[in-house]
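1. with the sequence up front, the predicted model follows.
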Amino acid sequence: MKFRTVIAATRVAPAFSMAGPINVHDSEAETATKNFEAAIPNIPGKSLIAVEVDYAPGAASVPHTHAKSAFIYAYVISGAIESKVNDGETRIYLAGESWSEPPGAIHSISRNASKTEPAKLLAIFVLDTNHNPLTTSIK
């Protein structure tokens, strides 16, 4: 499964927008869907993007980084997600738990902790408007 450029953020519209699944990988085991995108009106030059990531049982992302300006809040909607950011501990987050990623972070582990049940997380990005790409694999 390749993580080339996960989500190429387009111009951020000043209003709410909805989108279908974003082609993220060469596999159907993981999908990302951008479900909200807006400029932050009281913080000129900044935008907020929300992305749902669905992991099939046993699915994983390759190590990756996000836009250099992106501060990320990740919230597990269902299932269990194993995650490691920068030099932090590898941890399994259950539904209702969350973590954050500072700008420039390396997300070396992001995967469904279960081999039998699906998992879903919501990633909220606060970043410079028009900062592309949103996510890039580490080679």
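-> Here it is on my side, so go on.

2. now for the strand or helix carrying S83, which elements pack on it?
-> Using DSSP states H and E, S83 falls within strand 80-85. Applying 3 or more CB pairs under 8 Å, 6 or more residues apart in numbering; DSSP states H and E, one finds that strand 80-85 contacts strand 91-94, strand 98-101, strand 106-112, strand 119-128. For glycine as for every other residue, the C-beta is placed from the backbone atoms N, C-alpha and C.

3. quick check: end-to-end length of stretch 50-63?
-> 20 Å (CA to CA, to the nearest Å).

4. no no, stretch 64-80
-> OK, stretch 64-80 end separation, CA to CA: 19 Å.

5. could you pull out the buried residues of that stretch?
-> 64-67, 69-72, 74-76, 79-80 (16 or more other CB atoms under 10 Å).

6. in CSV, list those residues along with secondary structure and distance to S98.
-> Formatted as CSV, the buried residues of stretch 64-80 follow (DSSP: H, G, I helix; E, B strand; the rest coil; distance: CB to CB, whole Å):
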residue, secondary structure, distance to S98
H64, strand, 19
T65, strand, 20
H66, strand, 16
A67, coil, 20
S69, coil, 21
A70, coil, 16
F71, strand, 13
I72, strand, 10
A74, strand, 6
Y75, strand, 4
V76, strand, 7
G79, coil, 14
A80, strand, 13
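
7. S137 is nearest to which of the helices and strands packed on strand 80-85?
-> Closest approach to S137 among these is made by strand 106-112 (10.4 Å; CB to CB).

8. picking up where we left off before, who wins for proximity to F36 among the helices and strands packed on strand 80-85?
-> strand 119-128 (8.5 Å).

9. picking up where we left off before, may I see the helices and strands packed on strand 80-85 organised as JSON lines, with mean pLDDT and distance to L134 added?
-> As requested, the helices and strands packed on strand 80-85 are exported to JSON lines (pLDDT from 0 to 100; distance: least, CB to CB, whole Å):
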{"stretch": "strand 91-94", "mean pLDDT": "98", "distance to L134": "21"}
{"stretch": "strand 98-101", "mean pLDDT": "96", "distance to L134": "13"}
{"stretch": "strand 106-112", "mean pLDDT": "95", "distance to L134": "12"}
{"stretch": "strand 119-128", "mean pLDDT": "97", "distance to L134": "7"}
